[in-house]
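A.B. asks: Pasted the sequence and its predicted model underneath.
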2 protein chains.
Amino acid sequence: MFKAAIYVNYKPSVLDPKAEAIKTALTRMDYHNVTDVVFGKYFEIVLDAADAETARTQVDHICDELLANVNMETYRFDLTEVSGVHA
Amino acid sequence: MFKAAIYVNYKPSVLDPKAEAIKTALTRMDYHNVTDVVFGKYFEIVLDAADAETARTQVDHICDELLANVNMETYRFDLTEVSGVHA
């Protein structure tokens, strides 16, 4: 069993209105020392695969086909082997 | 400067309809080997603080007061020192 921790973010060239809203809210709350905010999505997927390479290829497909809008977003993931433990 | 990578998830007792929808979609796409899906939010915040302890306390406050709905969600974060680099 493998667990993939997947991070999906807007590409740097795409304006992220949610991150901007958070930054504005933090300033209003007097957190003036916050200089940058990134907002994204986080997924954990547990899957059964013969080896890490197979799991990696499949997670790549799942991101491209379902989890990320590859036009506007980028993704990265970390894969770890787990022993039948669910996320 | 410190960078906090913050993960916000539903508490295990709260049904996550988005995670369920992703699991259903994956089954429909013939990924039958996916056994578990967790969906959450991911934030990166860069902030200026005197030391790690101060930064940690402030990130805790920001999560409690803004980023997480502590009734339904839990959060965790990793703090790393960065040298004036923006996220």
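C.D. replies: Now that the structure is in, tell me what you want to look at.

A.B. asks: drop to CA atoms for contacts and neighbour counts, all remaining ones
C.D. replies: Noted.

A.B. asks: Up against chain B, what does chain A have?
C.D. replies: For chain A, the residues in contact with chain B (CA under 8 Å from any CA of the partner chain) are A:7, A:26, A:33-49, A:62, A:86-87.

A.B. asks: Is the most far-flung residue of chain A relative to its centre in a helix, a strand, or coil?
C.D. replies: No residue in chain A sits farther from the centre than A:Asp30, which is 28.5 Å out by CA atoms, centre = their mean. Here A:Asp30 takes the coil state, with states given by DSSP: H, G, I helix; E, B strand; the rest coil.

A.B. asks: Would you mind measuring from it to B:Pro12?
C.D. replies: Here the distance between A:Asp30 and B:Pro12 works out to 33 Å (CA to CA, to the nearest Å).

A.B. asks: Secondary structure element holding the nearest residue to A:Phe77 once chain neighbours are set aside?
C.D. replies: Closest residue to A:Phe77 apart from its sequence neighbours, by CA to CA, 6 or more residues apart in numbering or on different chains: A:Ile6 at 4.2 Å. Per DSSP states H and E: A:Ile6 is located in strand A:2-10.

A.B. asks: That strand pairs with which strands?
C.D. replies: strand A:34-47 (antiparallel), strand A:73-81 (antiparallel) (DSSP bridges).

A.B. asks: Among those strands, show me which one is buried the most.
C.D. replies: Greatest average neighbour count among the strands paired with strand A:2-10 goes to strand A:34-47 (a mean of 21), per mean count of other CA atoms under 10 Å in any protein chain shown.
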